[in-house]
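In: Pasted the sequence and its predicted model underneath.
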Amino acid sequence: MAQGILQIALFCALVVATAPLLGGYMARVYRDERVFLTPVLAPVERTLYRALRVDPDREQDWKGYAKSLLVFSALFVVLLFVILRTQSIHPFNPGGFRSGPWDLSFSTAASFVTNTNWQFYGGETTLSYFSQMAGLAVQNFISAAVGIAVLVALMRGIVARQGDGSLGNFYKDITRITLYVLVPLAIVATVILVATGVVQTLAGTAAGGIARGPVASQEAIKLIGTNGGGFFNVNSAYPFENPSALSNLVEMYIMLIVSASLPFAYGRMVGSRRQGWTIFGVMFALFIVSVAVVYAAEQHGTPAAHAAGVVGANLEGKEQRFGIASSSLFTAITTVESSGAVNAAFESLTGLGGLVPMADLGASESVFGGVGSGLYMMLLFVLLAVFIGGLMVGRTPEYLGKKLEPRDIKLVVIGALFTALIVLVFTALAVGTKYGAPSTAASGPQGFSENFYAYLSQANNNGSAWAGYTGFLQPDAPGNAGAHGITFADVMGGFAMLFGRFVPMLAVLAVAGSLAVKKVSPIGLGTLRTDTPTFGFLLVGVIVLIGALTFLPAFLLGPVVQSLTTSLF
Amino acid sequence: MRKDLIRSALAVVVFTVLLGLAYPLVMTGIAQVAFPGKADGSLITTGGRVTGSRLLARDVKDSPRYFHPRPSATGYSPSVTSFANRGPNQRATMMLTRQHLDAYIKAEKPYDPGLIPARVPIDAATFSASGVDPGISRANAGIQARRVAAVRHLPLARVRRLISENTAGRGLGVFGEPGVNTTTLNHALDQVAR
């Protein structure tokens, strides 16, 4: 136990020590300043602007920014759908796989463009290398860049002084984020991962049916961009994706570091590092609670293991090389974040351990969260906390000198609560009608957890799974021959992901546009300060309260029942 | 709108070529030059023929001559992977765990008469996540060593030395758990005594 706590503490120390550095670098990139990579990348950047016919100096207001974002994302959904539907004519298809069913392709296209990476399919048995590289890996970069771009636009709205409403240029932001942040990190991470034993080849299946592929290049960006979609069906539990305890450490680190650095980038951009530290502190505190609970819970065997006569911690669905500590840590990181990569089976967690991923998702992915999306969700909660705090002290709420008006708060509430609405309505449809049944594997509270988690994970763009919930049946594996999708699960899930991604994004951009034109009033004696521990506690309270009020009844029906009972279902 | 459509269409093409083809192909080239063995999957070749990967468990559970990896829900398949998805309160989980336990005791008890369920290491009675986890705990390897030594007529000390040679420690000495790699261990055993 002490050894496990040491692992977790060392990992946290590593993140806290390095996140401010990357945060500082990113702030310079987002403010269009010179960084050490500028001499190498500036010519590439200029070439890209010319190729895309973008004038980088032309700024957009929030509506223009949102329109570009939606058109850009819609075209990528169409492209990905077409790629997945034309597998039989692909190059780089050594397995000769055919296209999957249309409903599965829709689910997958929606999933990767929204940074969710929910997977109803197993990559090694259904996808050509071309689909994995030119379809999915591209989205791992692009969806991450879009998330960060929306955050950057919001930050510009918050700090804007001149008040003409401009939030930057969408195409320029996407280009710079990809070029200066995501690609360099991915290249370094790929080389390190291959050095630890992750596979990277185009040579196809080896003798004895050993499935391979260009895994490392995809693994790197899958984690850096908090995407989480595995090359293989069992994701980062598979030895070719995550061969050793060392590779697991690297993967946990690159999965968390961008989201953990963004609050520091924010602090620099608003000109107050204390603002960044306060937000990071809140995220970090909630993260530590998650790790502690899941680690403590997994120390004990499950009721099923006890009944079978086995003694020991819950190693069911975990890998020996990771053990309890590194599996618990990975599980907490991947669910407070919207990564969704897994190195252990969530379905096999103990009841209480399984509550942790659900509760993490119930916080709307604001605790670190997805790259960009995590911090913009958190900033919505910050505005909500400022509003509630303002009501308590009886003053007009203002954040960093900008007054929050009724329209702003309405937009904040839409952004903060819309995903929860999707989760509850869609789960109710799945369990209340006959259409959810074909997807559900387990009986009893486990079966409820499978349904609930599926929509919780998809609407919050996480992508991890209680893997018993399926939308794809493959009787004559591999290669999609004879396979068919479960249309209800695929289509509902696809819309849950699209709405869960783009509705909050539009709300955030609208808030950014509204803040950008406001005048800045000086800080007075009565101003509610947002860079103090007191505000941190208020913020934690708001996040926990909203999550609990929304989801407590659903938690009770699933994992809480399972952690309180020793009976078997 | 039209300008956005044109720009986005150009962006879709340019980014797909750069990130979807140039990036993975260049990385494949670098990986193949810098780490050819690892990039190809750490394959084991016997007599010029690929017989497995050092990273993947092999299905040897019917042979008493080998160290057995952890139970697999996929029959140790290296081509079709899935989780076992056994929940904490499922009756099916209890039945399967009991089967693993009984099978382990049946295999090892003749060589370790004191073996009772409470002494069976947890990794031996539970499904791994990947289905091809080659690692087992040191305690598990210690119990199986008696059987392998007896069946192969090797001194127990020799088998134990092979175990420690095929044990991976924690990452950087701190992270993860130590594990005995059954695939490389069995390969080493075959080299020692055919």
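Out: Ah, there it is.
In: Quick one: neighbours of the closest residue to residue A:245 other than its chain neighbours, just the number.
Out: Leaving aside its sequence neighbours, residue A:245 sits nearest to residue B:176 (Cβ to Cβ, 6 or more residues apart in numbering or on different chains; 2.5 Å). All C-beta atoms are positioned from the backbone trio N, CA, C, and that covers glycine. The number of residues packed near residue B:176 is 26, by other Cβ atoms under 10 Å in any protein chain shown.
In: can you map out the strands along the chain?
Out: Chain wasn't specified; assuming chain A. A:398-399, A:402-403, A:472-473, A:484-485 (DSSP state E).
In: could you do chain B instead?
Out: So, for chain B - with DSSP E - the strands run B:43-46, B:49-53, B:135-136, B:167-168, B:179-181.
In: related to what we said a few turns ago, out of the strands of chain A, which comes closest to residue A:322?
Out: In terms of Cβ to Cβ, the element of these nearest to residue A:322 is strand A:472-473, at 27.3 Å.
In: one step back: tell me the most buried of the strands of chain B?
Out: Mean neighbour count (mean count of other Cβ atoms under 10 Å in any protein chain shown) peaks for strand B:135-136 among the strands of chain B, with a mean of 29.
In: Please state the mean pLDDT value computed over that one.
Out: Here strand B:135-136 scores 97 as its mean pLDDT.
In: Correct me if wrong: residue A:230 contacts residue A:118.
Out: No: counting by Cβ atoms under 8 Å, residue A:230 does not reach residue A:118; the two are 11.3 Å apart.
In: thinking again about what came up before, would you mind giving the strands of chain A as TSV with mean pLDDT added?
Out: TSV is the format used below for the strands of chain A (pLDDT from 0 to 100):
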stretch	mean pLDDT
strand A:398-399	92
strand A:402-403	92
strand A:472-473	88
strand A:484-485	88
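In: so which of these comes closest to residue A:361?
Out: Between the strands of chain A, strand A:472-473 lies closest to residue A:361; by Cβ to Cβ that is 22.1 Å.
In: Any idea how many residues pack against the nearest residue to residue B:21 once chain neighbours are set aside?
Out: Nearest residue to residue B:21, sequence neighbours excluded (Cβ to Cβ, 6+ apart): residue A:134, at 6.0 Å. Look at residue A:134: counted by other Cβ under 10 Å, it has 23 neighbours.
In: per-residue pLDDT, residue A:134?
Out: Residue-level pLDDT assigned to residue A:134 equals 95.
In: picking up where we left off before, got CSV for the strands of chain B, with distance to residue B:7 too?
Out: CSV is the format used below for the strands of chain B (distance: least, Cβ to Cβ, whole Å):
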stretch, distance to residue B:7
strand B:43-46, 46
strand B:49-53, 45
strand B:135-136, 50
strand B:167-168, 50
strand B:179-181, 51
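In: Output the ones you listed as a markdown table; include the columns distance to chain A.
Out: Formatted as a markdown table, the strands of chain B follow (distance: least, Cβ to the nearest Cβ, whole Å):
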| stretch | distance to chain A |
| --- | --- |
| strand B:43-46 | 6 |
| strand B:49-53 | 4 |
| strand B:135-136 | 3 |
| strand B:167-168 | 7 |
| strand B:179-181 | 4 |
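In: where does the residue in chain B positioned nearest to chain A fall, phi/psi-wise?
Out: Residue nearest to chain A within chain B: residue B:176 (2.5 Å; Cβ to the nearest Cβ). Torsion angles at residue B:176 (phi, psi; degrees, to the nearest 10) stand at phi 80, psi -160.
In: quick one: contacts for residue A:303?
Out: A:565, A:566, A:567, A:568, B:88, B:89 (Cβ atoms under 8 Å, 6 or more residues apart in numbering or on different chains).
In: Can you give me the distance of it to residue B:90?
Out: Distance from residue A:303 to residue B:90, counting by Cβ to Cβ, to the nearest Å: 9 Å.
In: Now do the shared contacts for the two.
Out: residue A:568.
In: hang on, the earlier thing: of the strands of chain A, flag the one that's most buried.
Out: strand A:398-399 (a mean of 22).
In: Mind listing residues that contact that strand?
Out: A:158, A:382, A:383, A:386, A:390, A:404, A:521, A:527, A:528, A:530.
In: at 6 Å instead, please
Out: The contact list for strand A:398-399 (Cβ atoms under 6 Å, 6 or more residues apart in numbering or on different chains) reads A:383, A:386.
In: Could you check how far residue A:471 is from chain B?
Out: Between residue A:471 and chain B the distance is 15 Å, computed by Cβ to the nearest Cβ, to the nearest Å.
In: same question, residue A:553
Out: Residue A:553 sits 20 Å away from chain B, taking Cβ to the nearest Cβ as the criterion.
In: Low-confidence bits of the stretch 451-569 of chain A, can you list those?
Out: A:476-478 (pLDDT under 70).
In: In it, which residue sits nearest chain B?
Out: For the stretch 451-569 of chain A, Cβ to the nearest Cβ, closest residue to chain B: residue A:568, 4.4 Å.
In: how many neighbours does residue 118 have?
Out: Defaulting to chain A. 27.
In: let's do chain B instead
Out: Residues near residue B:118, counting by other Cβ under 10 Å: 9.
In: ok, it to residue B:105 distance?
Out: Distance from residue B:118 to residue B:105, by Cβ to Cβ: 11 Å.
In: With adjacent residues omitted, what lies nearest to residue A:550?
Out: residue A:420 (4.6 Å).
In: I misspoke; the intended subject was residue B:187.
Out: residue B:44 is the one closest to residue B:187 (Cβ to Cβ, 6+ apart), at 6.0 Å.
In: now residue A:326
Out: Residue A:326's closest residue in space is residue B:176 (Cβ to Cβ, 6+ apart), at 4.8 Å.
In: Quick one: residues contacting the one you found.
Out: Counted by Cβ under 6 Å, 6+ apart, residue B:176 has contacts A:245, A:321, A:322, A:323, A:326, B:170.
In: Perfect, I'm done here.
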